[in-house]
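[1] what follows is a protein structure lacking sequence information:
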C-alpha cells in the first residue's frame, strides 16, 4: 500500500493532528520558542508579579502558572541574580518567603510585551481584519476544547465553562 493510499484512509482528525504536529515541529515551533526568548518562563513570572503588584508566596506563582515549586525556585533564583525580583523573609512567619518584582523586572515586562505586540501587530496587519478575526475565533475555540480534553482535565471531569 502506497503512502498516498495510507493518507487517504486517515480521518480528517488524524490528518489535522499530523499537519499540526508538522507545523509545530518545523519553523513555527522555533518561532514560538523565540517569543519566549529562551528565558524558560522568566517573563511569565515577571508578568504575574507585575499584574499582582504585591508581595506573593512562591507557591502562589507555582499554582497560577501550573509549574512545579522546584521550577519556580530556579526561576526566582535566576531573576534575583538579574535584579528583576526581590525575595525577603515574611515578618509575620519567618518560614515563608515573599517575592516582589523590582523596577528592572517591570521594565523588562514592558519592553518584551511591546516587542511581542509589534510582531503580532505586523502579522495581523498582513493577515487582514477578516482573517485575524477568524483566526482568533478558531484559536479561542481550539484552546477551550483542548483544555476540556487534556488528560489532566479528564480525571477532574473536564473543563467547566463558568
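    Received the coordinates, thanks. None of the values given here were measured: they were computed from a predicted structure. Residues are numbered from 1 along each chain as shown.
[2] tell me where the protein has strands.
    Listed in chain order, the strands of the chain (DSSP state E) span 85-89, 97-101.
[3] which residues are contacting the first one?
    Outside strand 85-89, the residues that touch it by Cβ atoms under 8 Å, 6 or more residues apart in numbering are 45-46, 49, 76, 79-80, 96-102, 105. The C-beta positions use only the backbone N, C-alpha and C, and glycine is treated the same way.
[4] which helix runs longest in this protein?
    Looking across the chain with DSSP state H, the single longest helix is helix 103-127.
[5] now do the buried residues in it.
    By neighbour count on 16 or more other Cβ atoms under 10 Å, the buried set for helix 103-127 is 105-106, 108-109, 112.
[6] in TSV: the strands of the chain, plus mean neighbour count, distance to residue 55 and mean pLDDT.
    Output for the strands of the chain, formatted as TSV (neighbours: other Cβ atoms under 10 Å; distance: least, Cβ to Cβ, whole Å; pLDDT from 0 to 100):
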stretch	mean neighbour count	distance to residue 55	mean pLDDT
strand 85-89	15	8	95
strand 97-101	20	4	95
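[7] hmm, residue 64 is touching residue 47, no?
    No - contact criterion Cβ atoms under 8 Å: residue 64 and residue 47 do not qualify, at 10.4 Å.
[8] those two: who's more crowded?
    residue 47 (18 against 15; other Cβ atoms under 10 Å).
[9] which residue, other than its chain neighbours, is closest to that one?
    Nearest-residue entry for residue 47: residue 109, 5.4 Å, with adjacent residues in sequence omitted and distances by Cβ to Cβ, 6 or more residues apart in numbering.
[10] sketch out the low-pLDDT regions of the protein for me.
    Within the chain, the segments meeting pLDDT under 70 span 1-7, 26-40, 152-162.
[11] how about the residue positioned nearest the centre of the chain, nearest residue that isn't a chain neighbour?
    In the chain, the centroid-proximal residue (Cα atoms, centre = their mean) is residue 44; its distance is 7.1 Å. Residue nearest to residue 44 in three dimensions, not counting chain neighbours: residue 65, with 5.7 Å by Cβ to Cβ, 6+ apart.
[12] and which of the contacts of strand 85-89 is nearest to residue 124?
    Distances from residue 124 to the contacts of strand 85-89, taken as Cβ to Cβ, are shortest for residue 46 (24.7 Å).
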